[in-house]
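Participant: Fold the following for me, if possible:
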Amino acid sequence: MSRIGRLPIQIPDKVTITVDSDNVVTVKGPKGELKQDINKDMKLVQEDGVLTVERPSENKNHKALHGLTRSLIFNMVEGVTNGYQKSLDIIGVGYRAQLQGKKIVMNLGFSHPVEIEPPAGIEFEVPNPNKIIVKGINKQVVGAVASDIRKWRLPEPYKGKGIRYEGEYVRQKEGKTGK
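Facilitator: Residues are numbered from 1 along each chain as shown. Next up, the predicted model:
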């Protein structure tokens, strides 16, 4: 039995989960609504505010889908109740970000400022010029947007300049030495 797949999902009071005939799971909560297609073989059992995912057989494919399906649904429930956020730190002389309307404008040492528009369901916060917070209800989209922002200036190993996740460790290399 999958250690993750067998865990029950507690459904908060303000959250409703519906599964239609095409196995599209819809989760509605205080922060919004999320939809996800799941495999037709997986069976969802909902009773007394608890949702469990069951698999039809011990087939290797079913075992893999069991934990995946449970994790996807759990992340949706967590997203519509609390939401997700990723924090990014900007390190480097002259590197900074600012919010203009809903988009972020970053100065990253290029000849032009970098402007990033948030996709639907994502919002940005810039508490100070060296920090960006990406917020949303879909965990996958929040991570993808944070990764796209980070790709503009990856942290380099000599001086550590660039955009990194909060708490990320960048190993410093020693520079060249002269004779």
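
Participant: Pretty sure G79 sits in a helix.
Facilitator: Yes - residue state for G79 (DSSP: H, G, I helix; E, B strand; the rest coil) corresponds to a helix.

Participant: That one and K139 touch, don't they?
Facilitator: Yes - contact criterion Cβ atoms under 8 Å: G79 and K139 qualify, at 5.9 Å. Glycine gets a C-beta too; all of them are placed from N, C-alpha and C.

Participant: quick one: which of these two has more around it?
Facilitator: Counted by other Cβ atoms under 10 Å, G79 and K139 do not tie: G79 has more neighbours, with 23 against 19.

Participant: What lies in contact with the helix or strand that contains L65?
Facilitator: Per DSSP states H and E, L65 falls inside helix 60-81. Contacts with helix 60-81, where a contact means Cβ atoms under 8 Å, 6 or more residues apart in numbering, come from 2-7, 9, 11-12, 14-15, 17, 25, 27-34, 36, 38-39, 41-42, 44, 51, 53, 55-56, 84, 136-140.

Participant: could you redo the last one with a cut-off of 7 Å?
Facilitator: Helix 60-81 is contacted from outside by 2, 4-5, 7, 9, 11-12, 15, 25, 27-34, 36, 38-39, 41-42, 51, 53, 55-56, 137-139, using Cβ atoms under 7 Å, 6 or more residues apart in numbering.

Participant: In helices only, show me the residues you listed.
Facilitator: K139 (DSSP state H).

Participant: Please pick the buried ones from the contacts of helix 60-81.
Facilitator: 2, 5, 9, 11, 15, 25, 27-29, 31, 34, 36, 38, 41-42, 51, 53, 55, 137-139 (16 or more other Cβ atoms under 10 Å).

Participant: Tally up the residues packed near K102, please.
Facilitator: Neighbour tally, K102, other Cβ under 10 Å: 10.
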